[in-house]
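# how would this look folded up:
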Amino acid sequence: MPVSHPLVPEIDARLGDPFEKQVLEAAMHSLEQSTNPLRLNNFATTLRELSRLVLHRLAPDAEVKACAWYVKPTGPTDLTRGQRITYAVQAGLLDSFITNTLLLDVDKMRQELVQTISTLSKYTHIHPSVFGVTGPALDVIFSESLEAFLAFLEMIQECRESIEHAVESYACDALNEEFIRTARHELDELATHHTVYGALVDTVTLRTMDATQLRFSMTGSVECQLQYGSSGDVRNGDGLVMDDSYPLACEFEASTATPLQLSLKSHTLKIDTDSFYE
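A predicted model of the protein is given here:
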């Protein structure tokens, strides 16, 4: 009879590739082979291999090798599982930035991820204790394996998100000075003179983070004073000074080596001055 478990749909929803979903389905089918005393071993081995596939998708060879932190390991392989985990969690960001600036314990994150994979490996080896297991014992090990695999998927996502959110927060603080400098040019056409008081950042979203680049999008507003006529005109009552605020949006990028040295992609800067003409 078909084998099912409440965690399977949740795991399936977190898999990002059709082949990964097929492998999960095949793992479940292996448990249906009630006459095969190795069915639990086959199931556990398939889940562990599925974790490998997920890591290869999240951390492609070329991307990992392009990271500044990458060092070719000794031995026959070009990449270790630990290096793939590092990329899946932090991409090309350096440990020093994550630890000293973001104040996150990236070593602990990686150790916990390795532990979940180790849990998956417990039942892959053929041993009398798991050979031909049936009944309640099989159910317990089955559930434990699925829980470990789901924890692996959840932990990767949670670790990545915690780093991304911290980067967004620090980027938000670093953007104001750049906004003040660049917004001036967009306001030239509105008035004879203008003064930019500051730029208020509403949202900063980290769009992509790979081996070498961070790319952000931002929305906010620019606070300014517009002056029409010369200072003498204003003093004589023939000029006008007014304060105003305009929405703006733009995109920034930075190197993973220097993630807070943000560079505006000038062609993306949009200051919505429609309200000026209303």
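
# so what's the backbone phi/psi at the residue nearest to residue 170 when sequence neighbours are not counted?
Distances taken as Cβ to Cβ, 6 or more residues apart in numbering put residue 260 closest to residue 170, at 6.0 Å, once the chain neighbours are dropped. No exception for glycine: its C-beta is placed from N, CA and C like everyone else's. Per-residue torsions, residue 260: phi -100, psi 0 (degrees, to the nearest 10).

# From residue 199, how far out is residue 260?
17 Å (Cβ to Cβ, to the nearest Å).

# Those two - which one has more neighbours?
Counted by other Cβ atoms under 10 Å, residue 260 and residue 199 do not tie: residue 199 has more neighbours, with 23 against 14.

# Hmm, that one is touching residue 221, no?
Yes: when contacts are counted by Cβ atoms under 8 Å, residue 199 is listed as touching residue 221 (7.2 Å).

# where do the contact lists of these two overlap?
residue 248 (Cβ atoms under 8 Å, 6 or more residues apart in numbering).

# Ranking helices and strands of the chain by mean pLDDT, which lands last?
Sorting the helices and strands of the chain by mean pLDDT, DSSP states H and E puts helix 231-235 at the bottom, at a mean of 69.

# in the very next helix or strand once past it, what counts as buried?
Next along the chain after helix 231-235, taking DSSP states H and E as the criterion, comes strand 240-255. Buried residues in strand 240-255, counted by 16 or more other Cβ atoms under 10 Å: 244, 246-252, 254.

# repeat for stretch 254-266
254, 256, 259, 262, 264.

# about what we covered before: quick check: the residue nearest to residue 170 touching residue 172?
No: with contact defined as Cβ under 8 Å, residue 260 does not count as touching residue 172 (10.6 Å).

# From the chain's centroid, how far away is stretch 253-273?
18 Å (Cα atoms, centre = their mean, to the nearest Å).

# Under the pLDDT cut-off, which ranges of this protein? List them.
Within the chain, the ranges that satisfy pLDDT under 70 run 1-3, 176-194, 196-198, 227, 229, 232-234, 238-239, 266, 273-278.

# where along it do the helices fall?
Counting by DSSP state H, the chain has helices at residues 7-14, 18-31, 39-58, 61-66, 81-90, 95-100, 106-121, 135-187, 231-235.

# ok, back up a step: closest to residue 270 out of the buried residues of strand 240-255?
residue 249 (5.0 Å; Cβ to Cβ).

# Which strand residues bridge the closest one?
Residue 249 has these beta-bridge partners by DSSP bridges: residue 219, residue 270.

# Please verify my assumption that it contacts residue 270.
Yes: at 5.0 Å, residue 249 counts as touching residue 270 under the criterion of Cβ under 8 Å.

# So the residue with the largest distance to the centre of the chain versus residue 226, what's the distance?
Most distant from the centre of the chain: residue 236, at 56.9 Å, with distances by Cα atoms, centre = their mean. Distance of residue 236 to residue 226, computed by Cβ to Cβ: 18 Å.

# Who's the closest spatial neighbour of residue 172, skipping the chain neighbours?
The nearest residue in space to residue 172 (Cβ to Cβ, 6+ apart) is residue 204, at 4.6 Å.

# Now do the contacts for the one you found.
168-169, 171-172, 175, 216-218.

# Distance check, it against residue 214.
11 Å.

# What of residue 6?
Distance from residue 6 to residue 214, by Cβ to Cβ: 38 Å.

# These two: which is more packed in?
residue 214 (25 against 8).

# The spatially closest residue to residue 117 that is not a sequence neighbour: neighbour count?
Sequence neighbours aside, residue 51 is the residue nearest to residue 117 in space, at 5.6 Å (criterion: Cβ to Cβ, 6+ apart). For residue 51, the count of nearby residues is 21 (other Cβ under 10 Å).

# Residue 11 is in contact with residue 151, isn't it?
No: here residue 11 lies out of contact with residue 151, judged by Cβ under 8 Å, at a distance of 10.4 Å.

# Of these two, which one has the most company?
residue 11 (22 against 17).

# Leaving out the residues flanking it, which one is nearest to the more buried one?
residue 150 (5.4 Å).

# Also residue 67?
Using Cβ to Cβ, 6+ apart, the closest residue to residue 67 is residue 92 (4.3 Å).

# ditto for residue 93
In space, residue 93 is closest to residue 256, 5.2 Å off (Cβ to Cβ, 6+ apart).
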